[in-house]
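1. Quick one, what's the 3D model for this:
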Amino acid sequence: MVFPQNFRWSALAVFFTVCALPVLAQGAAEQPNASGRTGYVEPKFRMGLHFLPSVAWMDVRDGTTLSDGSIVRFGFGFTADVMFADNYAIGTGINVFRNGGRFSHFDRIQGDPQDVSNDSTQFLVRRDRVLTQHWVELPLSFKFRTREIGYITYWGQFGLGLGLNLRSTADDRLDYLYREVDADQGLWVEASDLGVFPEDDLPVEDDAALLRAAMLIGVGIEYNLSGKTALLLGATFNNGLFNVVSNRNFGPNQKEEHLLPAPDGSLDPALLEGYDVKMVDNAILLSCGLLF
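-> The predicted model follows:
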């Protein structure tokens, strides 16, 4: 009979069509590019882990503290990109990194470094400090991405970061300049017999702000390794926006900690006045990690 024969062929056609659907779907999702490598549809959500080596420095704003250079530190982080259009994403995550810098100023301190039992003598010192601040930061940025060119996707980002200060430490070098010999009459003499004393790994949380805000500007690439896995390389300028030095210990008179040299440049303790330290912290963070 003709009907059963036609029915058999129709059933076979339906069967092979159903079996071929997964293969066709995979072929649509995995298209070989011109180089023969399999490409993938861009995912809507990507996560990754990265290391954050950084070069950091302090931007002094008070006009008296002297900035002495940058420091190199390391950190790590988690990144997440949420695509909301073909070439645009919201970038967020968590960064745990360290920044800081080198700077120096004149301080008034109390206590003889060679005689610990004598804790009442006042000294005028030059303090050279290497400050390290430990931050956990929540970044939020707009990320602009190209389509994959060869194996590489190029990106840029702009946004803000809000940081919480976990710990602040300092390595100081104290150069003892003057010793107070008569507090009532305000008499001082040079402390040339003392010289320079180091103080390392000092906790200085009271000298640092608890929170910071920063502007983030970054560029980088994603190199496709296999499928949806990519190597992430980038650089971000993390620009602090507000003063990160606490002024709780400082004040406008010469009895306070930071001292302003006299108008003629002299360090005569009788002529010194106090001032508030103001500075923002900046860093260039280099990202190296993997996206999945």
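2. where in the stretch 1-150 of the chain is pLDDT low?
-> Scanning the stretch 1-150 of the chain for pLDDT under 70 picks out the ranges 1-42.
3. swap the cut-off to 80 and go again
-> For the stretch 1-150 of the chain, the stretches with pLDDT under 80 are 1-43, 116-119.
4. in it, which spans are helices?
-> 2-29 (DSSP state H, counting those that start in this stretch).
5. where along it do the strands fall?
-> Taking DSSP state E, counting those that start in this stretch as the criterion, the stretch 1-150 of the chain carries its strands at 30-32, 38-40, 45-51, 54-60, 66-69, 71-73, 76-85, 88-110, 122-145.
6. Looking at these, which is nearest to H258?
-> Closest approach to H258 among the strands of the stretch 1-150 of the chain (C-beta to C-beta): strand 88-110, 5.4 Å. Heads up, the C-betas are built off the backbone N, CA and C, glycines and all.
7. Give me the packing partners of that closest one, helices and strands only.
-> Contact here means 3 or more C-beta pairs under 8 Å, 6 or more residues apart in numbering; DSSP states H and E; on that basis strand 88-110 packs against strand 54-60, strand 66-69, strand 71-73, strand 76-85, strand 122-145, strand 152-182, strand 258-260, strand 279-291.
8. possible to save the ones you listed as TSV with mean neighbour count?
-> TSV is the format used below for these (neighbours: other C-beta atoms under 10 Å):
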stretch	mean neighbour count
strand 54-60	20
strand 66-69	13
strand 71-73	16
strand 76-85	15
strand 122-145	20
strand 152-182	17
strand 258-260	21
strand 279-291	20
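9. got these as TSV, with distance to D115 columns?
-> Formatted as TSV, the helices and strands packed on strand 88-110 follow (distance: least, C-beta to C-beta, whole Å):
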stretch	distance to D115
strand 54-60	33
strand 66-69	30
strand 71-73	33
strand 76-85	45
strand 122-145	12
strand 152-182	12
strand 258-260	23
strand 279-291	34
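10. about what we covered before: of the strands of the stretch 1-150 of the chain, which is nearest L259?
-> With C-beta to C-beta as the criterion, L259 lies closest to strand 88-110 of those, at 4.4 Å.
11. mind listing what the closest one pairs with, with the direction of each?
-> Sheet pairing of strand 88-110 (DSSP bridges) gives strand 66-69 (antiparallel), strand 76-85 (antiparallel), strand 122-145 (antiparallel), strand 258-260 (antiparallel).
12. Same question for it: list its buried residues.
-> Residues 89, 91-93, 95, 97-108 are the ones in strand 88-110 that count as buried (16 or more other C-beta atoms under 10 Å).
13. Centre-most residue in this structure?
-> Nearest residue to the geometric centre of the chain (C-alpha atoms, centre = their mean): F97, 5.1 Å.
14. these two touch, right, that residue and F51?
-> No - contact criterion C-beta atoms under 8 Å: F97 and F51 do not qualify, at 9.9 Å.
15. which residues are common contacts for those two?
-> 74-76 (C-beta atoms under 8 Å, 6 or more residues apart in numbering).
16. what's the closest of the residues you listed to L166?
-> For those, the nearest to L166 is G75 (11.2 Å; C-beta to C-beta).
17. re earlier: which one, of the strands of the stretch 1-150 of the chain, ends up nearest to L291?
-> Nearest of these to L291, taken as C-beta to C-beta: strand 45-51 at 3.8 Å.
18. name the helices or strands packed onto that closest one?
-> On a contact count with 3+ C-beta pairs under 8 Å, 6+ apart, strand 45-51 meets strand 76-85, strand 279-291.
19. Please name the residues that touch R102.
-> By C-beta under 8 Å, 6+ apart, R102 lies in contact with 57-58, 67-71, 128-131.
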